[in-house]
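Visitor: Can you look at this prediction? I've put the sequence above it.
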Amino acid sequence: MTKTGSQVSLSLVASQMPSWLLPAVAGGVLMGLSAPPAALPITIVPGLLLLLRSMRRIQSHQNPALPVFVSIGLSWGLAYAWVGTHVMPHVAWTSVLVLVALVSVMAASATAGYRTAGTVGMTVGLLAAEMVLTYGPVAFPWVSPGFTVSGTILDVLPMWSGITGTSALLLAFAVGMEAILYTRMPARTLDATLVTVMVFFALGVSFLPERGSEPQRSIQPAGPTTTTHATLPHLRVALIQPGMTPWEWADIHDAARTTQLSRLSMDADEAPLHVWPETALPQRMAESIPLLSHHFLVPPGAALVTGAIIQPKERTDRPYNASVFIPAEGAPSWNAKRKLVPFAEYVPGEYHFPFLGFLRVRAGGVSGYASGQERPQYDVDGVPFATLICFESVFAREARSAVRSGAGFLVVQTQDGWWTSDRAWMQHQALSSLVASAVGRPMAVASVSGWTGLIGSDGHTRGDIAPGVPGTLVVEVHPETASTGYFHAGEWPAVGIFLLLSTCALVSRYRDPTFRTVRTRVHQSS
């Protein structure tokens, strides 16, 4: 049978295509689909396997950074394309450039590890880059593979190992399986079989029921828990969602916002604690905070936790993105956001290199914030709690620190309405749920127009308000007194797995010193 012209053309294109391209692209797509709230969670594993397999096909004249950049670029592009949907175009473009820079950093780290110790070293590089983005000065943990277990039966893992530890487990499992497959099944044709099997595995995990059900009583975390404190009383909390557009909310001097929030609060006079979202109060000086009163803001006898932009005494200093606690009796207090969003709320390195100030973005009426240092505990009716502002709820370390200080539950204040894509607030809610289950504490979330509701200590939601709709949701919070494995171990599981992988990489380097330069790797069946 003779081939048609189109068949010959396709064969020619396929023959000229780099052998690493197809598995790298397929791996990137699968990893991108794994980000919550996608339809195919846990496809991170076959995605990582394909990326590792693609590296086996790098020829000596090719740059090993290419498959890594292509795969991770596709993955993060699919998962976080919503960064380009910000209502302010300059912010959207800045976010896209930052995402490309993060992909480049991840690709460079993985490439350096691969040049040193092959696929094991590459995995060490990926994990090292993630740990820097999680624990380092420029923190952006959103991209952790550990979050891909959200909504599956594997979401018990963060209770034991935390988010970064779960990511380390997934990476270690992928590199171990790839090593076995490379030894036993080196033929290229088996890659298709590998993808098929792993995708069906992912689909099977996706359709399995989640842990437990959604009971109406206090939820005890399913996992490694032990009681450490006395039982705390229940607390009714009113979550206020103004449902304003980003343009309305960006006017930080508009007192009409406070009026609308107060009206919504008056509908919940039975709740002793009211929560308003991020930057809710008009901008004010720090010395005016002690003069604030709950009168005319919330019903008599109720306490208020509200977001605010606070200007320090020295007007030349940057303002704080803060959370203000106004008790029913006594003086108000406040704490500033500790983890600021890079480039959205501050420019990394600007203090040492002032010329970087041109990268500042003006959103919400402010072009840069100062970071806070403390995370105090507040108390209403004998129930201690702590506040997390916006994407701080994605940092398991921050939540764990608050819980170890005695918080019975966590309050999250956020905006989540700057993007025209719903995927932003959906991911934030999914990731926050995983953090809540990792530390074993409920989260009461108040948003401007994103997701407002209660997350149980098992990570399941307990009611919410429709996004973008003004409303008041009164929830009964059951503060937890139990401790998860992550509560006790912290980041040590992640560090332990990292050290184990690093040891394996050193062994690989010792056994094969030719990793100093990338050498040709040809499959036995090629």
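Guide: Cool, got the structure. Residues are numbered from 1 along each chain as shown.

Visitor: mind checking the longest helix of this protein?
Guide: As assigned by DSSP state H, the longest helix anywhere in the chain is helix 89-135.

Visitor: Just checking, which helix or strand succeeds that helix along the chain?
Guide: Counting by DSSP states H and E, the next helix or strand C-terminal to helix 89-135 is helix 157-184.

Visitor: which strands and helices sit next to that following helix?
Guide: Helix 157-184 sits against helix 44-55, helix 89-135, helix 396-404, helix 423-439, helix 485-489, helix 492-511, with contacts defined as 3 or more C-beta pairs under 8 Å, 6 or more residues apart in numbering; DSSP states H and E. Backbone N, C-alpha and C define where each C-beta goes, glycine included.

Visitor: Swap in 10 Å and give it another go.
Guide: Judged by 3 or more C-beta pairs under 10 Å, 6 or more residues apart in numbering; DSSP states H and E, helix 157-184 is in contact with helix 44-55, helix 89-135, helix 190-207, helix 396-404, helix 423-439, helix 485-489, helix 492-511.

Visitor: and Asp269, backbone torsions?
Guide: Note on Asp269: backbone dihedrals following degrees, to the nearest 10 are phi -70, psi -10.

Visitor: Now for it, how many residues are close by?
Guide: Asp269 has 14 neighbours, counted by other C-beta atoms under 10 Å.

Visitor: Also Ser109?
Guide: Neighbourhood size, Ser109 [other C-beta under 10 Å]: 20.

Visitor: check contacts around it.
Guide: Val68, Met122, Val124, Gly125, Leu126, Leu127, Ala128, Ala129, Glu130, Val132 (C-beta atoms under 10 Å, 6 or more residues apart in numbering).

Visitor: Could you check how far it is from Ala336?
Guide: 31 Å (C-beta to C-beta, to the nearest Å).

Visitor: Over to Ala430?
Guide: When distance is defined by C-beta to C-beta, Ala430 is 26 Å away from Ala336.

Visitor: Kindly report the same for Pro37.
Guide: In this view, Pro37 and Ala336 are 31 Å apart by C-beta to C-beta.

Visitor: So which of these two has more stuff around it?
Guide: Ranked by neighbour count (other C-beta under 10 Å), Pro37 and Ala336 place Ala336 first, with 22 against 14.

Visitor: can you pull the contacts of the more buried one?
Guide: Counting by C-beta under 10 Å, 6+ apart, Ala336 makes contact with 286, 308, 310, 312, 319-323, 369-375, 389.

Visitor: okay, the helices and strands packed on helix 157-184 in CSV with distance to Ala255 and mean pLDDT next?
Guide: Below are those laid out as CSV (distance: least, C-beta to C-beta, whole Å; pLDDT from 0 to 100):
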stretch, distance to Ala255, mean pLDDT
helix 44-55, 47, 87
helix 89-135, 26, 90
helix 190-207, 48, 61
helix 396-404, 31, 94
helix 423-439, 26, 93
helix 485-489, 42, 94
helix 492-511, 46, 91
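
Visitor: among the ones you listed, which is nearest Arg462?
Guide: helix 423-439 (10.8 Å; C-beta to C-beta).

Visitor: Closest to the centroid, which residue in this protein?
Guide: Trp142 (3.1 Å; C-alpha atoms, centre = their mean).

Visitor: that older thread, filter the contacts of Ala336 down to the buried ones.
Guide: For the contacts of Ala336, a burial check counting by 16 or more other C-beta atoms under 10 Å picks out 286, 308, 310, 319-323, 369-370, 372, 375, 389.

Visitor: so which two of these are the farthest from each other?
Guide: Within the buried ones among the contacts of Ala336, two members stand farthest from each other by C-beta to C-beta: Pro319 and Arg375, at 18.6 Å.

Visitor: What's the local residue count around Ala489?
Guide: Ala489: 18 neighbours (other C-beta under 10 Å).

Visitor: I'd assumed Ser161 was in contact with it.
Guide: Yes. Ala489 is in contact with Ser161 according to C-beta atoms under 10 Å; the separation is 7.4 Å.

Visitor: Name the residues contacting each of those two.
Guide: Residues touching both Ala489 and Ser161 (C-beta under 10 Å, 6+ apart) are Gly496.

Visitor: What is the distance between the strand ranked longest in the chain and the centre of its chain?
Guide: Longest strand of the chain, by residue count under DSSP state E: strand 303-311. When C-alpha coordinates are averaged (C-alpha atoms, centre = their mean, to the nearest Å), strand 303-311 and its chain have centres 24 Å apart.

Visitor: Now do the next helix-or-strand element following that strand: which elements does it pack against?
Guide: Counting by DSSP H and E, the next helix or strand C-terminal to strand 303-311 is strand 320-326. Counting contacts by 3+ C-beta pairs under 10 Å, 6+ apart, strand 320-326 is packed against strand 273-275, strand 281-285, strand 303-311, strand 333-336, strand 378-380, strand 383-389, strand 409-414.

Visitor: quick one: strand 320-326 to strand 409-414, angle?
Guide: Relative orientation of strand 320-326 versus strand 409-414 (axes from the mean of the first three to the mean of the last three C-alpha atoms, to 10 degrees): 130 degrees.

Visitor: got the angle for strand 320-326 vs strand 303-311?
Guide: 150 degrees.

Visitor: could you give me the average pLDDT of strand 320-326?
Guide: For strand 320-326, the mean pLDDT works out to 93.

Visitor: swap in stretch 302-313?
Guide: When pLDDT is averaged along stretch 302-313, the result is 90.

Visitor: List the buried residues in that stretch.
Guide: Applying 16+ other C-beta under 10 Å to stretch 302-313 flags Ala302, Ala303, Leu304, Val305, Thr306, Gly307, Ala308, Ile309, Ile310, Gln311 as buried.

Visitor: One more: stretch 255-272?
Guide: Under the neighbour-count criterion of 16+ other C-beta under 10 Å, stretch 255-272 has Arg257, Thr258, Gln260, Leu261, Ser262, Leu264, Ser265, Met266, Ala268, Ala271, Pro272 buried.

Visitor: Quick check: closest non-adjacent residue to the residue nearest to the centre of the chain.
Guide: Val394 (5.9 Å; C-beta to C-beta, 6 or more residues apart in numbering).

Visitor: correct me, but that neighbour touches Pro141?
Guide: Yes. Judged on C-beta under 10 Å, Val394 makes contact with Pro141 at a distance of 5.6 Å.

Visitor: anything in contact with each of those two?
Guide: Shared contacts of Val394 and Pro141, defined by C-beta under 10 Å, 6+ apart, comprise Thr134, Phe147, Ile163, Lys339, Leu431, Val435.

Visitor: What is the most widely separated pair among these?
Guide: Farthest apart among these by C-beta to C-beta are Phe147 and Lys339. That separation is 16.1 Å.

Visitor: more neighbours, these two?
Guide: Ranked by neighbour count (other C-beta under 10 Å), Phe147 and Lys339 place Phe147 first, with 27 against 21.

Visitor: pull the CA atoms of the helix or strand hosting Ser71 into PDB?
Guide: Using DSSP H and E, the element containing Ser71 is helix 65-79. Coordinates of each C-alpha in helix 65-79 appear next as PDB, following Å, rounded to 0.1, in the frame of the first residue of the first chain:
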ATOM      1  CA  ALA A  65      16.400  22.700  30.000                       C
ATOM      2  CA  LEU A  66      14.100  22.600  27.000                       C
ATOM      3  CA  PRO A  67      11.900  19.600  27.900                       C
ATOM      4  CA  VAL A  68      11.700  20.900  31.500                       C
ATOM      5  CA  PHE A  69      10.700  24.400  30.400                       C
ATOM      6  CA  VAL A  70       8.200  23.100  27.900                       C
ATOM      7  CA  SER A  71       6.600  20.600  30.300                       C
ATOM      8  CA  ILE A  72       6.400  23.000  33.400                       C
ATOM      9  CA  GLY A  73       5.400  25.900  31.200                       C
ATOM     10  CA  LEU A  74       2.500  24.000  29.800                       C
ATOM     11  CA  SER A  75       1.600  22.700  33.200                       C
ATOM     12  CA  TRP A  76       1.500  26.000  35.000                       C
ATOM     13  CA  GLY A  77       0.000  27.700  31.900                       C
ATOM     14  CA  LEU A  78      -3.000  25.400  32.100                       C
ATOM     15  CA  ALA A  79      -3.300  25.500  35.900                       C
END
